[in-house]
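Colleague: Pasting the sequence and the predicted coordinates here, then a few questions.
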Amino acid sequence: MKKILIIAVMALSFGSYAQIDPVFEKEGDKVKATYFHANGEKSQEGYFVNEKLDGQWKMFNEKGEKIAMGNYDSGVRTGKWLFWEGDVRSEVNFDNNRIASVSKASKKDPVVSNK
């Protein structure tokens, strides 16, 4: 009985770490990359140019909900990145791969109106 329990636990452990191979598609001078969570949901999607992250990248949680989006320029984070966590959306501005500013907003925050 003890051996069966150990084998069952090991089988479940290995099954939970099953990986889905990423998909790479050539699109002109870029390569579109799509990575997946173990449950099959997309985890990341974006492009490579000369083997460096380039252009817009999107990240998703295991439920398939978008949790981050931003741009790379030759492997360097640039410009405005958005991050979602529950009701909070964070906007992070990058300058040459360094955080230049951060702002947060909640769906519960009041909205100013000009009425």
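Modeller: Arrived safely, thanks for sending. Here the structure is a predicted model, which means the values were calculated and not measured. Numbering: from 1, shown residues only.
Colleague: Distance from stretch 90-104 to the middle of the chain?
Modeller: Distance of stretch 90-104 from the chain centroid (Cα atoms, centre = their mean, to the nearest Å) equals 17 Å.
Colleague: Do a quick rundown of the helices in the protein.
Modeller: Counting by DSSP state H, one finds helices in the chain at the ranges 2-16.
Colleague: which stretches of it aren't confidently modelled?
Modeller: In the predicted model of the chain, residues 1-18, 108-115 satisfy pLDDT under 70.
Colleague: Quick check, central residue of it?
Modeller: Ranked by distance to the mean C-alpha position of the chain (Cα atoms, centre = their mean), the top residue is Met59 at 1.8 Å.
Colleague: Report the beta-bridge partners for that residue.
Modeller: Legend: beta-bridge partners of Met59 under DSSP bridges are Gln44, Ala68.
Colleague: Distance check, it against Trp84.
Modeller: 10 Å (Cβ to Cβ, to the nearest Å). Every C-beta, even on glycine, is put in place using the N, C-alpha and C of the backbone.
Colleague: so what sits against both of the two?
Modeller: In the contact map built from Cβ atoms under 8 Å, 6 or more residues apart in numbering, the residues linked to both Met59 and Trp84 are Lys66, Ile67, Ala68.
Colleague: Check those residues for burial and list the buried ones.
Modeller: Ala68 (16 or more other Cβ atoms under 10 Å).
Colleague: Could you export the shared contacts of Met59 and Trp84 as a markdown table, including distance to Gln19?
Modeller: Below are those laid out as a markdown table (distance: Cβ to Cβ, whole Å):
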| residue | distance to Gln19 |
| --- | --- |
| Lys66 | 22 |
| Ile67 | 20 |
| Ala68 | 21 |
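Colleague: Give the single residue among the shared contacts of Met59 and Trp84 positioned nearest to Val88.
Modeller: Looking at the shared contacts of Met59 and Trp84 and their distance to Val88, the nearest is Ile67, at 11.3 Å (Cβ to Cβ).
Colleague: does that closest one really touch Trp57, like I thought?
Modeller: No. Look at Ile67 against Trp57 with Cβ atoms under 8 Å: they stay out of range, at 11.7 Å.
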